[in-house]
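Engineer: Sharing a sequence plus its predicted fold:
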Amino acid sequence: GNSVTQMEGPVTLSEEAFLTINCTYTATGYPSLFWYVQYPGEGLQLLLKATKADDKGSNKGFEATYRKETTSFHLEKGSVQVSDSAVYFCVSIQGAQKLVFGQGTRLTINP
Amino acid sequence: DTGVSQDPRHKITKRGQNVTFRCDPISEHNRLYWYRQTLGQGPEFLTYFQNEAQLEKSRLLSDRFSAERPKGSFSTLEIQRTEQGDSAMYLCASSSDRGPIYEQYFGPGTRLTVT
């Protein structure tokens, strides 16, 4: 089945630093890919998506590009804020309904 | 608040006891999902309902686990004869078949500790 491997954390950065969280996937075919985020004390929520190769998903200053040739979907943000502190999950979809999550990367941004 | 709600938020039980969790999805959502998340890992799919029909079950869902969604609204997840390995966060999510499949809305989870 599909699987997702993402950069191990925790990651600690200073405010306004550049962020990259690496994610690679294995799958049969070309699944849609997503980043979900879990802010402290809140439920998981969809951050951004890319449904086919070369798509770029973006939201809240975050971006990720679906790269078929490297089977990657790295999350980037040019200038992080303290409010971006959260756990980030790289996710693919298997079959019709099943989300397949990476192990999560805890990000802490210091002022 | 019209999001996904789960009850209880925390449950501590002794090994061998039965526990039941409840999930109330967003009211207009006809799809409901259960996931399990252990410490330091991402959520793992357990089962999925379309209305009241349970359409898919993971191999993770042993015979001790049962899920129901009797009227196509709220759902319950029961674990019988709990084991220490059942300690985890149990997450519920819902989505609408009028929206993208991948856009699932998650509840806050029920944290189970088996002592």
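Structural biologist: Arrived safely, thanks for sending.

Engineer: And the pLDDT for B:Gln6?
Structural biologist: With respect to pLDDT, B:Gln6 scores 96.

Engineer: contacting residues for it?
Structural biologist: Taking CB atoms under 8 Å, 6 or more residues apart in numbering or on different chains, we find B:Gln6 in contact with B:Phe21, B:Arg22, B:Cys23, B:Asp24, B:Tyr90, B:Leu91, B:Cys92, B:Gly107, B:Pro108, B:Gly109, B:Thr110. Where C-beta positions appear, they are placed from N, C-alpha and C, glycine not excepted.

Engineer: and if you look at B:His29?
Structural biologist: Counted by CB under 8 Å, 6+ apart, B:His29 has contacts B:Ser94, B:Ser95, B:Ser96, B:Tyr105.

Engineer: again, only using 7 Å
Structural biologist: Going by CB atoms under 7 Å, 6 or more residues apart in numbering or on different chains, B:His29 touches B:Ser94, B:Ser95, B:Ser96.

Engineer: Tell me, how many residues neighbour the residue in chain B positioned nearest to chain A?
Structural biologist: Nearest to chain A in chain B, going by CB to the nearest CB, is B:Gly42, at a distance of 3.0 Å. As a burial measure, B:Gly42 scores 22 neighbours (other CB atoms under 10 Å in any protein chain shown).

Engineer: I figured it hits A:Gly102, correct?
Structural biologist: Yes. B:Gly42 is within contact range of A:Gly102, at 5.3 Å (criterion: CB atoms under 7 Å).

Engineer: Please identify every residue contacting each of those two.
Structural biologist: A:Phe89.

Engineer: Just give me the residue right at the centre of chain B.
Structural biologist: B:Trp34 (3.3 Å; CA atoms, centre = their mean).

Engineer: can I assume that one sits in a strand?
Structural biologist: Yes. Assessed with DSSP: H, G, I helix; E, B strand; the rest coil, B:Trp34 lies in a strand.

Engineer: Quick check: closest non-adjacent residue to the residue of chain B closest to chain A.
Structural biologist: For B:Gly42, ignoring the flanking residues on the chain, the nearest one in space by CB to CB, 6 or more residues apart in numbering or on different chains is A:Phe101 at 3.0 Å.

Engineer: Show me what the one you found bridges to in the sheet.
Structural biologist: For A:Phe101, the beta-bridge partners are A:Val91 (DSSP bridges).

Engineer: on that earlier part again, quick one, what contacts the residue of chain B closest to chain A?
Structural biologist: A:Phe89, A:Phe101, A:Gly102, A:Gln103, A:Gly104.

Engineer: Where does pLDDT dip in chain B?
Structural biologist: B:1, B:101 (pLDDT under 70).

Engineer: Get me the contact residues on it for chain A.
Structural biologist: Those residues of chain B that sit near chain A, judged by CB under 7 Å from any CB of the partner chain, are B:4, B:40-43, B:45, B:48, B:56, B:101-104, B:106-108.

Engineer: filter those to the buried ones?
Structural biologist: B:Val4, B:Gly42, B:Pro43, B:Phe45, B:Tyr48, B:Glu56, B:Ile101, B:Tyr102, B:Gln104, B:Phe106, B:Gly107, B:Pro108 (16 or more other CB atoms under 10 Å in any protein chain shown).
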